[in-house]
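Q: generate a structure from the sequence data that follows.
(one chain, ligands or ions: 1)
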Amino acid sequence: MKRICVYCGASHGKREAYRETAELLGQELLKRGLGLVYGGGSVGLMGIIADTVMAGGGEVIGVIPEGLMGKEVDHQGVTALHVVDSMHTRKGLMAKLADGFIAMPGGLGTMEELFETWTWGQLGFHDKPCGLLNSAGYYDSFYTFLDNMVAEGFVRPKHRGMLMVADEPAELLDLLANYKPPTVKRWLDETDL
Ligand code: AMP
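A: Got it, this is the predicted structure:
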């Protein structure tokens with residue numbers, strides 16, 4: 001893996017632990033020589049992880065839709081900032097540029113990005129690993145819901161198992177590095193995204 005795409009809140013959340021995890025993840029990317037791909041903003045946890053990787057001399061690639069440049073305050077210090085025409089283009093480009101994905105605590109946008117990437121993997125559009133960083137137990141009730149989705153027969157266990165989960169950045173990056181995708185029927189390849 002060369003670059004990890006991190007999905008996270010455009011807010012900081014209420015706990016200091018979320019900021020600390022964003023910094024820790026940034027430091028762990030630096031340690032492993034992994035670049036960061038992210039939403040290109042300077043607000044919330046997005047800004048913290050980008051600042052951490054930039055400060056350590058790492059590669060930071062932002063992808064931001066033109067319409068959000070003021071709202072999410074496009075980051076001026078990043079290695080490269082791609083300004084794109086839509087949310088859809090943003091997600092497609094982020095997915096292409098990265099070799100794996102991590103969702104940190106975040107809001108609806110983070111969930112939307114995680115689910116789209118995960119479902120692309122489920123459909124076999126890509127073979128890249130997806131992970132959930134459960135800082136301060138933020139995603140505990142979400143795991144319970146996922147288990148219920150499997151128990152009720154709407155999600156296959158092998159697809160549930162595609163989402164790596166860990167409380168610590170180092171542990172999660174190890175899981176991503178060792179990820180073996182399930183065998184699924186190929187519908188499209190990544191260039192079709
Ligand atoms: P949030 O998790 O809601 O704080 O948002 C985190 C990031 O997700 C921000 O950069 C949002 O612009 C982005 N986002 C929100 N909605 C969407 C969407 N429908 N598609 C792609 N990105 C989104």
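
Q: all strands for this protein, in order.
A: With DSSP state E, the ranges of strands along the chain come out as 3-7, 35-38, 60-65, 80-84, 100-103, 130-133, 163-166.

Q: which helices and strands does the second one pack with?
A: In this case it means strand 35-38. Strand 35-38 is packed against strand 3-7, helix 16-31, helix 44-55, strand 60-65, helix 87-97, with contacts defined by 3 or more Cβ pairs under 8 Å, 6 or more residues apart in numbering; DSSP states H and E. Placement of C-beta: from N, CA and C, glycine included.

Q: could you give the angle of the third one to strand 3-7?
A: Comparing the axes of helix 44-55 and strand 3-7 via axes from the mean of the first three to the mean of the last three Cα atoms, to 10 degrees yields an angle of 150 degrees.

Q: quick one, helix 44-55 and helix 16-31 angle?
A: Using the same axes, to 10 degrees: helix 44-55 against helix 16-31 is 30 degrees.

Q: out of the helices and strands packed on strand 35-38, nearest to the ligand?
A: Comparing the helices and strands packed on strand 35-38 against the ligand with Cβ to the nearest ligand atom, the closest turns out to be helix 87-97 (3.9 Å).

Q: so what touches stretch 129-144?
A: Under the contact criterion Cβ atoms under 8 Å, 6 or more residues apart in numbering, stretch 129-144 has outside partners 13, 15, 17-18, 20-21, 25, 100-105, 114, 117-118, 121, 162-167, 169, 172-173, 175-176, 179, 181.
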